[in-house]
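S.K.: What shape does this take:
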Amino acid sequence: MTGEERRWLFRAWLLGVCLISCICIVNVLTIQHDSPDLGPLRPIIWEGSSALVSMVIFTIPAAMAFWTVRARARWWIALPAHLSALLVYSALHVAGFLVLREWAHAALLGETYTYGPLSTEFPYEFRKDFLAYLLASGAFWLALQRSGQQPQPTEPARPATFDIQDGARLIRVPMENILAVRSAGNYVEFILTDDRRPLMRSSLAAIQEALATHGFVRTHKSWLVNEARVAGLRPEGSGDYTIELGALEAPLSRRFPEALAALRARN
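M.R.: Residues are numbered from 1 along each chain as shown. Have a look, this model is predicted:
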């Protein structure tokens, strides 16, 4: 049994425990209302013993549901197997609560518990156990079906890229591999981490607009730099700076104070 199957079976069991507890409380209150002469303890013993045993023997329909799913048994094989399991379930339920009731009546009330003839009482309990077994088996089966629905693996996020049209050649470059972009007349020059410098016919303003959301800032009338690649800032006097991008250096003009503030905040 996988960990996921165990988790979902446990959740189904907890759901069953909650339902049984609610039914137990309702039955106790009903008996006390209809037969107040019995006192509060007897209904609690009767209904509580039945509920406790049911919580334990829920393992039977859980095991049968697991077998049904794993074996993929045909109905003509699964049906007699479930009928046999139902008989065991009901017999254990009746035997279990009889033992608990006899002990509780003797220990707490000082009296002998009388159940009645099995020939009439067992068929009555069997009808209720049949419904409980059916509901429990269905809940466990649905839980196992849910555990088998593995989430679809998500594709790893692809790094953001930029397409550089270098003449007739298209170069697709990850954003992190672009150190800076420099104006070169009617072209822009991309300065890459692998020392390539492809040219693309475009204005620097158009490239700035395309790269602004990827952390590129305008530091000079002719330069864009990748904020993530800035290693340091070196003052040059009069408010100008030199941006250190590894072996590459780019200018930072005092006319671009927003770029200076952004780079300082990052570094």
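
S.K.: which SS state does residue 243 fall under?
M.R.: Using DSSP: H, G, I helix; E, B strand; the rest coil, the secondary structure recorded for residue 243 is strand.

S.K.: ok, now which ones touch the closest residue to it other than its chain neighbours?
M.R.: Nearest non-adjacent residue to residue 243, counting by C-beta to C-beta, 6 or more residues apart in numbering: residue 250, 4.5 Å away. In this view, the C-beta of every residue, glycine as well, is placed from N, C-alpha and C. Shown in contact with residue 250 (C-beta atoms under 8 Å, 6 or more residues apart in numbering): 180, 182, 219-220, 223, 225, 242-243.

S.K.: Model confidence for residue 250, exactly?
M.R.: For residue 250, the pLDDT comes out at 94.

S.K.: one step back: take the contacts of residue 250 and keep only those in strands.
M.R.: Residues of the contacts of residue 250 located in strands (DSSP state E): 180, 182, 219-220, 223, 225, 242-243.

S.K.: any idea how far the nearest residue to residue 187 once chain neighbours are set aside is from residue 181?
M.R.: Using C-beta to C-beta, 6+ apart and skipping residues adjacent in sequence, the residue nearest residue 187 is residue 199, 4.5 Å away. Here residue 199 is placed at a distance of 11 Å from residue 181 (C-beta to C-beta, to the nearest Å).

S.K.: what do these two both touch?
M.R.: Counting by C-beta under 8 Å, 6+ apart, the residues touching both residue 199 and residue 181 are 188-190.

S.K.: For the residue of the chain positioned farthest from its centre, which non-adjacent residue is spatially closest?
M.R.: The outermost residue of the chain relative to its centre, with distances by C-alpha atoms, centre = their mean, is residue 238 at 56.4 Å. Spatial nearest neighbour of residue 238, excluding adjacent residues (C-beta to C-beta, 6+ apart): residue 254 at 6.6 Å.

S.K.: One more: residue 85?
M.R.: Closest to residue 85 by C-beta to C-beta, 6+ apart is residue 64, at 4.9 Å.

S.K.: Could you count how many residues lie near residue 251?
M.R.: 17 (other C-beta atoms under 10 Å).

S.K.: For it, what is the enclosing helix or strand?
M.R.: Using DSSP states H and E, residue 251 maps to strand 248-252.

S.K.: Just give me the longest helix of the protein.
M.R.: For the chain, the longest helix by residue count, based on DSSP state H, is helix 3-34.

S.K.: ok so, going back, looking at residue 199 and residue 181, which is more packed in?
M.R.: Shown here are residue 199 and residue 181; by other C-beta under 10 Å, residue 181 has more neighbours (27 against 17).

S.K.: per-residue pLDDT, the more buried one?
M.R.: Per the predicted model, pLDDT is 96 at residue 181.

S.K.: Pretty sure it sits against residue 191.
M.R.: Yes - at 7.2 Å, residue 181 counts as touching residue 191 under the criterion of C-beta atoms under 8 Å.

S.K.: Give me the mean pLDDT for the longest helix of the chain.
M.R.: pLDDT averaged over helix 3-34 gives 91.

S.K.: Buried residues in that helix, which are they?
M.R.: Using 16 or more other C-beta atoms under 10 Å as the test for burial, helix 3-34 gives 5, 8-9, 12-13, 16, 19-20, 24, 27-28, 31.

S.K.: for stretch 194-206, same thing?
M.R.: Buried residues in stretch 194-206 (16+ other C-beta under 10 Å): 198-200, 202, 204.

S.K.: And for stretch 67-76?
M.R.: Per 16+ other C-beta under 10 Å, stretch 67-76 contains these buried residues: 68-69.

S.K.: And for stretch 91-101?
M.R.: Buried-residue list, stretch 91-101, by 16+ other C-beta under 10 Å: 92-94, 96-98, 100-101.

S.K.: Look up how far residue 227 lies from the residue nearest to residue 85.
M.R.: 62 Å.
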